[in-house]
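Visitor: Let me see the structure of the following:
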Amino acid sequence: MKKNILVVDDSALMRRAICDIINTSDEYEAIDTCSDGLAAYEKIKSRSYDAVLLDINMPKMNGLELLQKLQKENIRATVVVVSSLAKEDAKITIQAMEYGAIDFMTKPQNIIEAKGVQFRQQLIQLLNSVLPVAKKRNLSSSAAASAAAKAAAVVSGQLGRKIPHKQVSSGSNKLIALACSTGGPKALQSVIPFLDKNMDAPMVLVQHMPTGFTRSMAERLNELSKVTVKEAVDNEILQKGCVYVAPGGYHLEVVPVKDGTHKVHLSDAPPIGGLRPCANVMYKSLKRSKYDQIVCVVLTGMGADGTEGIRELERSKPIYVISQDEPTCIVYGMPKAVADAGLTDEVVSLTNIPKSIINQVGVK
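Guide: Modelled structure (predicted):
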């Protein structure tokens, strides 16, 4: 049975182009369209869709207003932003994800691009990545309880690592290295703002996002947080109590300095598996670091980025691995890959991750 998609866009030509892409696939069907957010609200309220493709700039009720209304009324919907504003105004895109959108892509500038192979592939790939969300959100209570029990089993040591990672004293020199992808911007708002301002370690963070968006995300997180959050700059020295976000379009590596400190190195080397920044690059760079322990944190995301890097890092440094549990993930890909590889020390629900991080690194 094909999955039902609602397309919301004020351009009739764009609605038709997007619907054509969806309807020529074997998995999806565009069963409804709307030209404004108000009409979309009425449809979403009255029936269930597997996904909603949403423009931002529309009459009567724009995309942000629709997302806010759905959030306020606790109406669940798997919403992906497809908008020209996704490129033109990163702040609005970050705001959309704060209001409940789970991912975004840039709408083509004209109908010729909309009918092109590249947009078609991107759209279908995005649907493939986020549609398991709708299925997961409709889990029966027994299935949800089973997933929660499985996560608890990992925490208690029944699953995951058979040999615990070496524990390092609280006074040691530590670093937090966090990776996330699909659903990450929203998930990070449940983690970074709840870290203690006196966190006794710096954090480096890879979120899969294009150029321009990571700065807006970092600025928003900084507004909400007690720790300092910023987009990383090449050669800057890592400071405790600060979070350094890898810029979109650059790999982030951590390099030791002769005086015992560590600095950021940004690289525009080719993407790895289509990813730049890539979490594996970040984790592998830490093999050369002088930190006594690396606390690796893996949140929601499609694929397995981070697993290979953590596996290599484990061979040369003491590490402690915290991964987000399945029930609270938008896409249970990256955390699952780490757990399946036997690298996870602790599986934690999203809102408990800040506490787990501070438990490992302490406060100044």
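Visitor: can you list contacts of the longest helix along the chain?
Guide: For the chain, the longest helix by residue count, based on DSSP state H, is helix 117-137. Helix 117-137 has contacts (Cβ atoms under 8 Å, 6 or more residues apart in numbering) with 3, 5, 18, 21-22, 25, 27-28, 50-51, 76, 78, 80, 82, 102-103, 105, 108, 113, 182-183, 302, 326, 330-332. All C-beta atoms are positioned from the backbone trio N, CA, C, and that covers glycine.
Visitor: Mark which of these are part of helices, please.
Guide: I18, I21, I22, E113.
Visitor: For the longest helix of the chain, give the mean pLDDT please.
Guide: Across helix 117-137, the average pLDDT comes to 76.
Visitor: all numbers from here: first residue = 16
Guide: With the count now opening at 16, the last piece we talked about shows up as helix 132-152.
Visitor: Where does the prediction get shaky in the chain?
Guide: Along the chain, the parts satisfying pLDDT under 70 run over 100-103, 147-186.
Visitor: hey, where'd the strands end up in it?
Guide: For the chain, the strands defined by DSSP state E cover 18-23, 43-49, 66-69, 94-98, 118-121, 189-195, 218-222, 243-246, 257-260, 266-271, 277-282, 308-313, 334-339, 361-363.
Visitor: Using CSV, lay out these together with distance to T229.
Guide: CSV is the format used below for these (distance: least, Cβ to Cβ, whole Å):
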stretch, distance to T229
strand 18-23, 27
strand 43-49, 30
strand 66-69, 22
strand 94-98, 17
strand 118-121, 13
strand 189-195, 12
strand 218-222, 7
strand 243-246, 6
strand 257-260, 5
strand 266-271, 10
strand 277-282, 12
strand 308-313, 17
strand 334-339, 20
strand 361-363, 24
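Visitor: So T276 is in contact with L253, correct?
Guide: Yes. The pair formed by T276 and L253 meets the contact definition of Cβ atoms under 8 Å, at 7.0 Å.
Visitor: Tell me which of the two has more neighbours.
Guide: Per other Cβ atoms under 10 Å, whichever of T276 and L253 has more neighbours is L253, with 21 against 12.
Visitor: where's that one relative to R326, distance?
Guide: Here L253 is placed at a distance of 23 Å from R326 (Cβ to Cβ, to the nearest Å).
Visitor: hang on, the earlier thing: what subset of the ones in helices among the contacts of helix 132-152 is buried?
Guide: Among the ones in helices among the contacts of helix 132-152, those buried by neighbour count (16 or more other Cβ atoms under 10 Å) are I33, I36, I37.
Visitor: coming back round to it: same list (the strands of the chain) but as a markdown table, adding distance to L79 and mean neighbour count.
Guide: What follows is the strands of the chain, written out as a markdown table (distance: least, Cβ to Cβ, whole Å; neighbours: other Cβ atoms under 10 Å):
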| stretch | distance to L79 | mean neighbour count |
| --- | --- | --- |
| strand 18-23 | 12 | 23 |
| strand 43-49 | 16 | 19 |
| strand 66-69 | 10 | 26 |
| strand 94-98 | 9 | 26 |
| strand 118-121 | 12 | 23 |
| strand 189-195 | 23 | 26 |
| strand 218-222 | 21 | 27 |
| strand 243-246 | 23 | 18 |
| strand 257-260 | 23 | 23 |
| strand 266-271 | 30 | 21 |
| strand 277-282 | 32 | 18 |
| strand 308-313 | 29 | 27 |
| strand 334-339 | 27 | 26 |
| strand 361-363 | 31 | 23 |
